[in-house]
Structures are given as structure tokens and as C-alpha cells.
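# how would this look folded up:
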Amino acid sequence: MTTISPIRPSPIAGMWYEGNPRALSQVVDRFLDQAEIPALPGEVIAVISPHAGHKYSGPVAGYAFAAVRSQSFDLVAILSPMHQPYYDSLLTTAHEAYSTPLGNVPVDKKLISDLDARLRKVLGDGLVPVAYDQEHSLEIELPFLQRALTGEFMLLPVMVRSQSAGVSQKLGLELAETLRGKNALIVPVRTFLISIPKTKLLCSTQKCCAGWKHFHRRMFSLLKKKRRALLAGWVL
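So this is what the prediction gives:
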């Protein structure tokens with residue numbers, strides 16, 4: 001029987017982003033400092049971020065995460081693509097924490113279990129745990145979260161393999177219910193053109209939802225019942 005390490009070791013540190021903690025902090029901080037964020041009326045509940053190496057996507061990610069800089073969240077839900085050859089629609093980590101050069105990010109196993117149970121009721125399948133995955137798109141966001149946010153946070157990682165709009169819609173709805181009443185940030189990860197004019201940086205929740213066709217709009221409407229919200233990120 002193979003024993004799974006509680007900590008997922010990074011397969012991309014030193015390649016997709018800086019492997020040295022001091023250098024990584026400096027690079028990420030520079031991207032955050034360079035972002036020119038206007039005053040945001042309302043409360044940011046989600047940022048959309050790219051997932052290329054920091055060398056290519058860092059300036060864009062800097063704008064996204066600067067929108068929540070110095071804020072505190074108990075939980076961050078990251079929804080990323082899964083590029084590796086798994087056959088399940090939705091996956092999550094089998095580990096208890098993700099490791100980056102800046103430290104470990106603990107995984108909220110209870111919320112993973114709650115979301116898994118909800119998804120099984122509506123999809124028949126839930127979140128399949130995988131160990132030692134090589135996926136970069138989720139981990140690439142963690143250093144930005146570690147430098148931008150104040151205090152510790154737990155992670156709800158979801159890696160999406162399915163291209164089905166129906167799966168994405170149900171995932172959005174059940175995630176909204178799972179996060180109801182919680183101090184959470186949502187980070188959907190998308191493939192982006194790396195260079196986008198600054199005028200397209202910020203958008204309202206309504207405009208983002210209209211362009212984000214494969215994610216259920218009710219996710220945001222449910223979250224907005226408790227508080228005002230502004231979705232900050234990049235629109236394709």
C-alpha cells in the first residue's frame with residue numbers, strides 16, 4: 001500500500017515560477033505593486049486569473065490579485081483546468097496541503113467532502129482525489145494569494161477536466177451553496193491572452209457572468225444575497 005504524503009510537493013517551482021522564497025516574494029510583489037487598481041464600489045468576491053508561468057502571466061495576475069490585496073479570507077476556492085490525462089470530470093487533491101517556496105497552504109477537507117456530496121447528488125459523480133498531480137494551473141495562483149492576502153487561509157481546490165457546460169453549471173450552483181455564509185474568495189482560472197489592454201481589466205458582476213458562459217450565474221446571485229459584490233478580473 002502506497003502512503004500518500006500529507007503535503008503535495010511542488011512539481012513546478014523553479015520552472016514555472018521562482019523557486020527561491022525571497023526571489024519569488026520580490027517578483028510577485030512587483031507584479032502586485034505595478035497594478036493600477038481604481039476604487040472598487042462593493043466587495044470583491046472573485047478574481048479571474050490566468051495560469052501561464054509567472055514570466056508570461058504575472059502582470060495580468062498582478063492586476064487580479066491586487067484587487068484583494070491586504071484583505072483577509074478564511075477560504076479560497078480555486079477552480080482550474082486539469083491538463084493532465086485523467087478521465088474524471090472533476091478532481092481535487094488527495095493531499096492535506098499544497099507546498100510552495102513561500103510555505104504550505106492547508107486544504108479544507110471538510111468543505112471538499114461537503115461539495116463532493118452535493119455534486120454526487122446532482123451529477124452522479126463528485127470530486128475525485130488525485131495524489132502527486134503535475135497540474136500547474138491551480139498551484140500557479142498560490143504564491144499570489146500568499147503574498148496578497150493578510151493572514152492564513154484554507155484552500156478548496158477543484159480541477160475541471162470536463163468541457164461540459166452542464167457539469168460547469170452544476171459545479172457553480174453547488175459551490176455557491178457550499179460557500180454560503182462563509183468568508184471566501186473564488187478564483188476561477190482561465191486561459192488568457194497574456195497582453196490585454198488595461199481598459200478591459202475590471203468589469204461588473206453582470207458583464208463577467210454574461211461573458212463567462214460555462215459557469216452558472218446563480219452562483220454569484222446566491223452569494224450576492226448576503227453582501228454586495230464586484231467581480232474583478234479579466235474578460236476575454
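
# now the helices for this structure?
21-34, 54-66, 109-123, 142-148, 165-179, 205-211, 218-224 (DSSP state H).

# so for Leu185, which of those helices sits nearest?
helix 142-148 (8.1 Å; Cβ to Cβ). Any C-beta I mention is one placed from the backbone N, CA and C, and that applies to glycine too.

# residues in contact with that closest one: which ones?
Defining contact as Cβ atoms under 8 Å, 6 or more residues apart in numbering, one finds that helix 142-148 is touched by 17, 24-25, 28-29, 31-32, 49, 54, 61-62, 64-66, 68-71, 76, 98, 100-103, 105, 153, 155, 187.

# of the residues you listed, just the buried ones, PyMOL syntax please.
Buried residues within these, by 16 or more other Cβ atoms under 10 Å, are selected in PyMOL with:
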select buried, resi 17+24+25+28+31+32+49+54+61+62+64+65+66+68+69+76+98+100+101+102+105+153+155+187
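
# let's have the helices of the chain in JSON lines, adding distance to Ser10 and mean pLDDT.
Listed next are these as JSON lines, based on distance: least, Cβ to Cβ, whole Å; pLDDT from 0 to 100:
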{"stretch": "helix 21-34", "distance to Ser10": "11", "mean pLDDT": "96"}
{"stretch": "helix 54-66", "distance to Ser10": "13", "mean pLDDT": "86"}
{"stretch": "helix 109-123", "distance to Ser10": "20", "mean pLDDT": "97"}
{"stretch": "helix 142-148", "distance to Ser10": "9", "mean pLDDT": "97"}
{"stretch": "helix 165-179", "distance to Ser10": "25", "mean pLDDT": "92"}
{"stretch": "helix 205-211", "distance to Ser10": "30", "mean pLDDT": "41"}
{"stretch": "helix 218-224", "distance to Ser10": "29", "mean pLDDT": "50"}
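
# ok, which of those comes nearest Ile4?
helix 109-123 (12.9 Å).

# Ile112 and Ala148: what is the separation?
Taking Cβ to Cβ, to the nearest Å as the measure, Ile112 falls 23 Å from Ala148.

# just give the nearest non-adjacent residue to Asp29, would you?
Arg147 (5.9 Å; Cβ to Cβ, 6 or more residues apart in numbering).

# and that neighbour, how many neighbours?
The number of residues packed near Arg147 is 19, by other Cβ atoms under 10 Å.

# what's the answer for Ser72, then?
Ser72, neighbours per other Cβ under 10 Å, totals 12.

# cool, and the one 10 residues further on?
The local packing count at Met82 equals 20, with neighbours defined by other Cβ under 10 Å.

# about what we covered before: can I get the helices of the chain in a markdown table with distance to Asp88?
Supplementary listing: those in a markdown table, determined by distance: least, Cβ to Cβ, whole Å:
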| stretch | distance to Asp88 |
| --- | --- |
| helix 21-34 | 31 |
| helix 54-66 | 26 |
| helix 109-123 | 11 |
| helix 142-148 | 23 |
| helix 165-179 | 11 |
| helix 205-211 | 27 |
| helix 218-224 | 21 |
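
# so for Ser80, which of those helices sits nearest?
Across these, the minimum distance to Ser80, taken as Cβ to Cβ, is reached by helix 142-148, at 10.9 Å.

# what sits closest to the residue most central in space within the chain if chain neighbours are left out?
For the chain, the residue sitting closest to the mean C-alpha position, by Cα atoms, centre = their mean, is Ile78 at 2.5 Å. Nearest non-adjacent residue to Ile78, counting by Cβ to Cβ, 6+ apart: Val187, 4.6 Å away.

# mind listing what that neighbour touches?
46-49, 76-79, 141, 145.

# and if we set it to 7 Å?
Shown in contact with Val187 (Cβ atoms under 7 Å, 6 or more residues apart in numbering): 46-47, 49, 76-78, 141.
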